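Novice: Fold the following.
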Amino acid sequence: NPPYSYYIYYMYANITALNHLRSERGLNTFVFRPHCGEAGPVQHLVSAFILCESISHGLLLRKVPVLQYLYYLCQIGIAMSPLSNNSLFLNYNRSPLPDYLARGLNISLSTDDPLQFHFTKEPLMEEYSIAAQVWKLSSCDMCELARNSVLTSGFSHQVKQHWLGPNYTREGVEGNDMTRTNVPDIRVAYRHEALTEELSNIFKCVTNTEN
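Specialist: Model (predicted):
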């Protein structure tokens, strides 16, 4: 079989062409979010970093700090499914989700094969409730995960405005409507300032090297 990078490139190329066609006709477009980094070589994550807006799982980023840092800098979305991972690859208590969240990666909670791994009619609520209990997540953490979920979703601009506020595309506090997201401005400001400082340090190093 062709390698993962071959498949993912042609998926990306075809979805991009399809999205252009649909956009020209006023239709919604698709977000390319492949399963990646749950198992297999870490090179899969390199291919996804180059070609994808977001990925599902990303467990193997915990083993490659440099690649994890790149995903952070570019704020590539990572939809994680700890209950699925617990059944197949990684014990729930060893999941890197709380570490990713603390470091500011753009992560969200999602379901994966809910008919197989969940026991209620609300599988996503299972993911949130169990994560909150096991990792002692605060309401602020939970709301940030939910906000990230909407931001990285394939919902239309109008739907995102409804859930996040009319200015959600702006950076930092200006893009946060507390009355809708329930995420405190101080959390959003901290995330924005930390990311801006990291990018600034990198640009300064590049400029000094060139000089």
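Novice: okay, now residue 15: neighbour count?
Specialist: Neighbourhood size, residue 15 [other C-beta atoms under 10 Å]: 16. (C-beta placed from N, C-alpha, C; glycine too.)
Novice: Same question for the one 10 residues further on.
Specialist: Each residue near residue 25 was counted by other C-beta under 10 Å, and the total is 7.
Novice: Report the contact partners of the most centrally placed residue in the chain.
Specialist: The residue lying closest to the centre of the chain (C-alpha atoms, centre = their mean) is residue 77, at 2.1 Å. Shown in contact with residue 77 (C-beta atoms under 8 Å, 6 or more residues apart in numbering): 33, 53-55, 106-108, 148, 151-152.
Novice: rerun at 10 Å
Specialist: 31, 33, 52-56, 58, 71, 105-108, 148-149, 151-153 (C-beta atoms under 10 Å, 6 or more residues apart in numbering).
Novice: And for residue 78, nearest residue in space, chain neighbours not counted?
Specialist: Leaving out its chain neighbours, the residue that sits closest to residue 78 by C-beta to C-beta, 6 or more residues apart in numbering is residue 58, at 4.2 Å.
Novice: State the pLDDT value of the one you found.
Specialist: Residue 58 is assigned a pLDDT of 94 by the prediction.
Novice: distance of it from residue 21?
Specialist: Plainly put, residue 58 is 30 Å away from residue 21 if you go by C-beta to C-beta, to the nearest Å.
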